[in-house]
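# Got a predicted structure here, sequence first:
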Amino acid sequence: MFREMRRKNQELSREECLAVLDRGTSGVLAVHGEGGYPYAVPLSYAYADGKLWFHCARAGHKLDAIIRDPKVSFCVTDRDQVVPLEYTTYFRSVILFGRARVLEDPAEIRAALERLALRYAPEDSQEHRQSVLEKELPAVAIIEVAVEHLTGKEAIELVRSRHALE
């Protein structure tokens with residue numbers, strides 16, 4: 001169902017893809033938008049065990065699109081170094097494809113929101129984190145993406161430099 005990468009020698013391993021997702025702090029979610037247009041929006045996320053979570057408002061374009069069609073893709077750019085003299089970019093990125101669902105279970109919502117809070121504010125106190133979560137819970141929707149396909153790629157120059165070090 002998913003295409004194989006054409007330039008196999010630039011493909012990242014699963015472990016490298018997971019490391020990119022772990023290092024990343026934001027990515028771009030793509031959904032099937034209104035009127036047949038794609039809709040892509042940057043957002044913060046948390047990833048673990050084949051699932052990705054993010055929060056959004058309880059109403060809006062992103063949520064409407066996910067409810068209408070749960071198939072999504074999500075891209076994280078790990079490296080984007082423009083090399084003007086070579087007319088290229090040394091890049092590394094990961095893209096995942098999956099099915100999104102709006103969490104309904106209060107325990108799942110709380111767990112996902114806590115995961116996001118710990119990811120972006122790990123030094124915050126438990127007391128403060130809980131007070132913020134209690135305040136925000138009524139206003140947010142939490143989306144979980146079950147990953148069906150994960151792939152990553154990097155510039156050939158990065159592949160070559162890695163092999164030169166081996």
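Right, received. Where do you want to start? Numbers count the residues shown, from 1 in each chain.
# for residue 66, what are its contacts?
31, 72, 100, 101, 102, 143 (C-beta atoms under 8 Å, 6 or more residues apart in numbering). In short, each C-beta sits where N, CA and C put it, glycine included.
# Could you rerun that using 7 Å?
Contacts for residue 66 (C-beta atoms under 7 Å, 6 or more residues apart in numbering) come out as 31, 72, 100, 102, 143.
# can I get these in CSV with distance to residue 135, secondary structure and neighbour count?
Formatted as CSV, these follow (distance: C-beta to C-beta, whole Å; DSSP: H, G, I helix; E, B strand; the rest coil; neighbours: other C-beta atoms under 10 Å):
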residue, distance to residue 135, secondary structure, neighbour count
31, 28, strand, 23
72, 28, strand, 20
100, 25, strand, 23
102, 20, strand, 15
143, 20, strand, 23
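# Relative to residue 17, which of these is nearest.
Residue 17 lies nearest to residue 72 out of those, by C-beta to C-beta, at 16.8 Å.
# quick one: that closest one and residue 27 touch, right?
No - with contacts counted by C-beta atoms under 7 Å, residue 72 stays clear of residue 27, the gap being 11.1 Å.
# Where is the longest helix in the protein?
helix 106-120 (DSSP state H).
# Distance from the chain centre to it, please.
Mean-position distance between helix 106-120 and its chain equals 15 Å (C-alpha atoms, centre = their mean, to the nearest Å).
# what's the average pLDDT for that helix?
Mean pLDDT, computed over helix 106-120, is 93.
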